[in-house]
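*Asks:* return a 3D structure for these sequence lines:
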Amino acid sequence: MQEFMIDNGIVIDDIEGVMEGIAKLSGKQMPSPQTIKKFITNEKSTKFYIDDKCSCKMQPDRDTVYLWLDSGFTSSYGDPIMISLLNKGAGGYTGHFYGTMDSLAGSIGNFFPQNRRNINKNLGSLRIKYDNKISGRDHAHINDEQEYLIKTRAMTTTEFITTNPRRILRTISMRSSTTTRMITTMRTKHTMQRKITGMIIIDGIYDIDNL
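*Replies:* The predicted model follows:
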């Protein structure tokens, strides 16, 4: 099993198996791990910290048992496909389980059968929270992987120009000055080549009166 790091301390320990599973659930071709990493790290509200009662928080606390990562892909029924990692302590999360919220909540119920009533109740609240959180994303889900990559690449360029206007203008100004100097130098050399005949040089200085 090959490990793949999503973020600092967040590791999928069987990346190929997870990608194959997401492809099967979504009915799409197997996605690139880099695409899922990009979605998780760039989009808003992609990390959901879950306790043993399926209660969700957006930041970890002492009750956190699992970290659910939103893969960006949805099942053939439109349900988000999550990647479930186990809290290893010290801010580390590792694992390779995946599925819809319903299936992952069912797995929590199997591990903590005494909490099933609370799990079912909290699952409904989790769905509502999820829908509210993803409304602030630039891309709620990945409907087409290549289209998503093209759109996010274009957005990154636009954001760079928007957030760095002075740097852009300074770069344009520097390149413009460099181009102007190059053109001036070329013109000077061309003129000198045409007038070199009869030129008298005294101590390294051109005697322009003899041109």
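*Asks:* and the strands in this protein, which stretches?
*Replies:* Taking DSSP state E as the test, the strands found in the chain are 4-7, 10-12, 47-50, 56-57, 66-74, 80-89, 92-99, 201-202, 205-206.
*Asks:* nearest to residue 151, of those?
*Replies:* Closest approach to residue 151 among the strands of the chain (C-beta to C-beta): strand 66-74, 12.5 Å. In short, each C-beta sits where N, CA and C put it, glycine included.
*Asks:* okay, that closest one in CSV with CA atoms only?
*Replies:* Taking C-alpha atoms only, strand 66-74 is exported to CSV below (Å, rounded to 0.1, in the frame of the first residue of the first chain):
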residue,chain,number,x,y,z
TYR,A,66,-12.1,10.6,12.7
LEU,A,67,-11.2,13.1,10.0
TRP,A,68,-13.5,13.1,7.0
LEU,A,69,-12.0,14.6,3.9
ASP,A,70,-14.3,15.7,1.1
SER,A,71,-12.8,14.2,-2.0
GLY,A,72,-14.7,16.6,-4.2
PHE,A,73,-16.4,13.7,-6.1
THR,A,74,-20.0,12.5,-5.6
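*Asks:* pLDDT of that strand, averaged?
*Replies:* Averaging pLDDT along strand 66-74 gives 98.
*Asks:* looking at the residue positioned nearest the centre of the chain now. What's its pLDDT?
*Replies:* The centroid of the chain falls nearest to residue 38 when counting by C-alpha atoms, centre = their mean (2.7 Å). Model confidence at residue 38, given as pLDDT, is 97.
*Asks:* residue contacts, it?
*Replies:* Contacts for residue 38 were tallied using C-beta atoms under 8 Å, 6 or more residues apart in numbering; they are 149, 152.
*Asks:* now with 7 Å?
*Replies:* Taking C-beta atoms under 7 Å, 6 or more residues apart in numbering, we find residue 38 in contact with residue 152.
*Asks:* re earlier: now distance to residue 111 and mean neighbour count too, for the strands of the chain, in a markdown table please.
*Replies:* Shown next, in a markdown table, are these (distance: least, C-beta to C-beta, whole Å; neighbours: other C-beta atoms under 10 Å):
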| stretch | distance to residue 111 | mean neighbour count |
| --- | --- | --- |
| strand 4-7 | 23 | 16 |
| strand 10-12 | 20 | 22 |
| strand 47-50 | 12 | 21 |
| strand 56-57 | 17 | 18 |
| strand 66-74 | 10 | 24 |
| strand 80-89 | 10 | 20 |
| strand 92-99 | 11 | 20 |
| strand 201-202 | 92 | 8 |
| strand 205-206 | 89 | 11 |
